[in-house]
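J.: need coordinates for the below:
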Amino acid sequence: MATDVLEALARANVAGSLVLLLVMTVRGPARRIFGPQAAYLLWAAPVGAALLSLAPWPFGAPWPGAEQITLRPLVERAADVRLLAALWLAGAAAGLALAWRAQAAFEREARDGRAGPAVSGVLTPRVIMPDADPYSDDERRLIRAHEREHISRGDPKANALAAALQVVFWFNPLVHLGVRLMRIDQELACDAAVLRRFPKARRLYAEALLKTELARAPLPFGCRWGSVHPLEMRVAALKGQGRHELAGLWAAIVFTLAASTLTWSAKPAVPDPPEFAPPADVQPSMSVLLLDAAPQAEG
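T.: All right, here's what the predicted structure looks like:
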């Protein structure tokens, strides 16, 4: 059982990491050409690759040697599989505890009126504004529009999934770096969406950003207005948006499908069922012993 879990974890880690590196490479050009929304959508590709790598490829061997790609021998040759499993569980438990602690700290500040602007929650996300802030009424309307945009786009759920992946793959620094970059692209995409609704409010929006005090840490189950993202990047992005947003949407979809399918095809195929029944000598048989229970006649 432990070997199966570790082999699946290793396969998902390798598949997701390869696509993650590719996304890190193309996200910048994608944002400049197609806009921030396309760059944000690219982050679905590593998740899809990791998940599909766990499912068997049902269409036969896609290319020679694909069926030989397996990490199971490496896992089986490990010094102590149970020790590795225990180490992974300990790291995952520690990561979950840290995420829960960060969320709980934010909720305490929110009850005291010292948290926000932010969106908190996954199933029922809510907009949180501090009791005292430096924003004008017009700036507060833009900030609320930004946070509501996060909710309508499902960003709190995406961030919760990202936090879960950080817990599962706590040992992979690429995952933690990827989540940080994903949140940057998420904020840039949300900024662009708000400014499409309020195209004349770019200067006011930038002023609200510059008034924001950077938060010390990201919110695991939510979105912060003032987060660890570089504000100069967000302010600079307000000057212009990509002109090919529809093309960028399709490019991101094609990229995700292609990357996920490629890693999926590296999984050994599902074996075909036998065409004929096994020989009779190997089929299970049952012997029946008949007993004559009739009473014998007396002499």
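
J.: where does the stretch 151-299 of the chain dip in pLDDT?
T.: Low-confidence regions of the stretch 151-299 of the chain, defined here as pLDDT under 70, cover residues 213-218, 226-233, 235-236, 239-243, 266-299.

J.: helices of that one, start to end?
T.: Using DSSP state H, counting those that start in this stretch, the helices assigned to the stretch 151-299 of the chain run over residues 155-168, 173-197, 202-210, 231-237, 245-265.

J.: okay, the angle between the last one and helix 173-197?
T.: Going back to what we said before, that points to helix 245-265. Using axes from the mean of the first three to the mean of the last three C-alpha atoms, to 10 degrees, the direction of helix 245-265 lies 160 degrees away from that of helix 173-197.

J.: now the strands for this structure?
T.: Secondary structure of the chain by DSSP state E: the strands cover 118-120, 126-128, 222-224.

J.: switch these over to CSV; also include mean neighbour count and distance to residue 92.
T.: Where you see a C-beta, it was placed from the backbone N, CA and C, and this is true even at glycine. Conversion of the strands of the chain to CSV gives the following (neighbours: other C-beta atoms under 10 Å; distance: least, C-beta to C-beta, whole Å):
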stretch, mean neighbour count, distance to residue 92
strand 118-120, 24, 23
strand 126-128, 19, 28
strand 222-224, 27, 21
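
J.: now stretch 24-37, how far from the centre of its chain.
T.: Mean C-alpha position of stretch 24-37 versus that of the full chain (C-alpha atoms, centre = their mean, to the nearest Å) differs by 19 Å.

J.: then stretch 174-183?
T.: The answer for stretch 174-183 is 10 Å, by C-alpha atoms, centre = their mean.

J.: restricting to C-alpha, output it in CSV.
T.: C-alpha atoms of stretch 174-183 as CSV (Å, rounded to 0.1, in the frame of the first residue of the first chain):
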residue,chain,number,x,y,z
LEU,A,174,8.9,24.3,-7.6
VAL,A,175,5.4,23.9,-6.3
HIS,A,176,5.8,26.7,-3.7
LEU,A,177,7.4,29.0,-6.3
GLY,A,178,4.6,28.1,-8.8
VAL,A,179,1.9,29.0,-6.3
ARG,A,180,3.5,32.3,-5.6
LEU,A,181,3.7,33.1,-9.4
MET,A,182,0.1,31.9,-9.9
ARG,A,183,-1.2,34.3,-7.3
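
J.: I figured residue 94 hits residue 170, correct?
T.: Yes. With contacts counted by C-beta atoms under 8 Å, residue 94 reaches residue 170, the gap being 7.4 Å.

J.: for the closest residue to residue 17 other than its chain neighbours, give its distance to residue 199.
T.: Taking C-beta to C-beta, 6 or more residues apart in numbering, and ignoring the residues beside it in sequence, residue 17 has residue 174 as its nearest neighbour in space, at 5.2 Å. Relative to residue 199, residue 174 is positioned 37 Å away (criterion: C-beta to C-beta, to the nearest Å).

J.: between the two, which is the more surrounded one?
T.: Neighbour count, other C-beta atoms under 10 Å: between residue 174 and residue 199, residue 174 has more, with 16 against 8.

J.: what's the neighbour count on residue 29?
T.: Summarising burial for residue 29: neighbours were counted as other C-beta under 10 Å, giving 10.
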